[in-house]
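Enquirer: make a model of this:
(one chain, ligands or ions: 1)
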Amino acid sequence: MNLHNVEFIKSVAKAEEIIRDKKTQIVFSGKSNVGKSSVINKLLNRKQFARVSATPGKTIHINYFLIDKTAYFVDLPGYGYAKVSKSERMRWSNLMESFFKEYSHITLGCMIVDARHKPTSDDCIMAEWFKATGCPLIVAANKFDKVKSSQKEQNILLIRETLNLHDDADVIGFSALKGTGKDELLYRIVGYSKGSLQKP
Ligand code: GDP
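Expert: Below you'll find the predicted structure:
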């Protein structure tokens with residue numbers, strides 16, 4: 001099995017189109033502009049597979065990528081973009097509520113946060129949604145390349161504390177730009193994927 005065999009399946013805007021089959025689902029979430037698309041592209045070794053958004057907050061879709069016909073990478077729509085309209089915000093909430101309401105399809109949550117800052121209140125809400133599923137959760141602290149070496153450990157701790165993570169949830173310093181943390185994150189993703197993927 002290999003991570004290079006990637007297929008775009010579909011882009012979903014309606015609750016009834018959410019995929020709930022038996023395949024593994026690795027669910028990626030993060031605020032707009034945190035680098036979620038860049039992280040997914042880095043993991044898949046693609047330049048532009050997940051669309052790097054030109055207009056943050058504009059796309060309220062769930063995107064599904066199928067890896068080697070066995071596991072989905074699920075790209076949830078970004079949140080927390082200040083300039084979206086009330087109705088767009090509502091669409092986002094409704095879609096997310098549907099996604100998390102019945103959650104047996106979720107195998108692993110992968111939250112992308114900004115390594116430079118304290119997680120936002122939206123990040124905290126998202127973490128609570130993931131925690132409520134009982135699924136394992138990994139946090140990738142992206143843009144780690146922009147954090148001073150002396151600050152790195154402290155920032156990881158702040159993220160862990162602010163999101164109130166369980167001891168078994170990993171926080172990984174990640175840089176989609178430099179590739180930092182890629183192997184570690186892939187290793188965890190593969191490990192949690194019910195053995196359906198192998199370490200690349
Ligand atoms: P998304 O809205 O969360 O999908 O974010 P994008 O993937 O579109 O990235 C938002 C911006 O952050 C882009 O300008 C990226 O080039 C930049 N970016 C993403 N990841 C990193 C990273 O690890 N380090 C740095 N320095 N910039 C990054």
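
Enquirer: list the helices and strands the lengthiest helix in the chain packs on?
Expert: Ranked by residue count and defined by DSSP state H, the top helix of the chain is helix 86-101. Applying 3 or more Cβ pairs under 8 Å, 6 or more residues apart in numbering; DSSP states H and E, we find helix 86-101 packed against helix 121-133. Any C-beta I mention is one placed from the backbone N, CA and C, and that applies to glycine too.

Enquirer: buried residues in the helix it packs on?
Expert: For helix 121-133, a neighbour-count test (16 or more other Cβ atoms under 10 Å) marks Asp123, Met126, Ala127, Trp129, Phe130, Lys131, Thr133 as buried.

Enquirer: output the below-cut-off pLDDT ranges for the chain.
Expert: 1, 50-59, 194-200 (pLDDT under 70).

Enquirer: which bits of it sit near the ligand?
Expert: Proximity of the chain to the ligand is confined to 30, 32-38, 52-53, 56, 78, 142-143, 145-146, 175-177 under the rule Cβ under 6 Å from any ligand atom.

Enquirer: out of the residues you listed, which are buried?
Expert: 30, 32, 34-38, 53, 56, 78, 142-143, 175-176.

Enquirer: which of those residues fall within helices?
Expert: Per DSSP H, these map to helices at Lys36, Ser37, Ser38.

Enquirer: ok, of those, which one's closest to Leu165?
Expert: Lys36 (18.7 Å; Cβ to Cβ).

Enquirer: isn't that closest one right up against Ser29?
Expert: Yes: between Lys36 and Ser29 there is a contact at 7.4 Å, judged by Cβ atoms under 8 Å.

Enquirer: mind listing what the residue most central in space within the chain touches?
Expert: Closest to where the C-alpha atoms of the chain average out (Cα atoms, centre = their mean) is Phe28, at 1.9 Å. For Phe28, the contact set (Cβ atoms under 8 Å, 6 or more residues apart in numbering) comprises Lys36, Val39, Ile40, Phe73, Val74, Asp75, Leu76, Cys110, Met111, Ile112.

Enquirer: mind putting those into JSON lines with distance to Glu102 and secondary structure?
Expert: Compiled in JSON lines, the contacts of Phe28 are given as follows (distance: Cβ to Cβ, whole Å; DSSP: H, G, I helix; E, B strand; the rest coil):
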{"residue": "Lys36", "distance to Glu102": "23", "secondary structure": "helix"}
{"residue": "Val39", "distance to Glu102": "26", "secondary structure": "helix"}
{"residue": "Ile40", "distance to Glu102": "24", "secondary structure": "helix"}
{"residue": "Phe73", "distance to Glu102": "20", "secondary structure": "strand"}
{"residue": "Val74", "distance to Glu102": "14", "secondary structure": "strand"}
{"residue": "Asp75", "distance to Glu102": "19", "secondary structure": "strand"}
{"residue": "Leu76", "distance to Glu102": "15", "secondary structure": "coil"}
{"residue": "Cys110", "distance to Glu102": "20", "secondary structure": "strand"}
{"residue": "Met111", "distance to Glu102": "20", "secondary structure": "strand"}
{"residue": "Ile112", "distance to Glu102": "24", "secondary structure": "strand"}
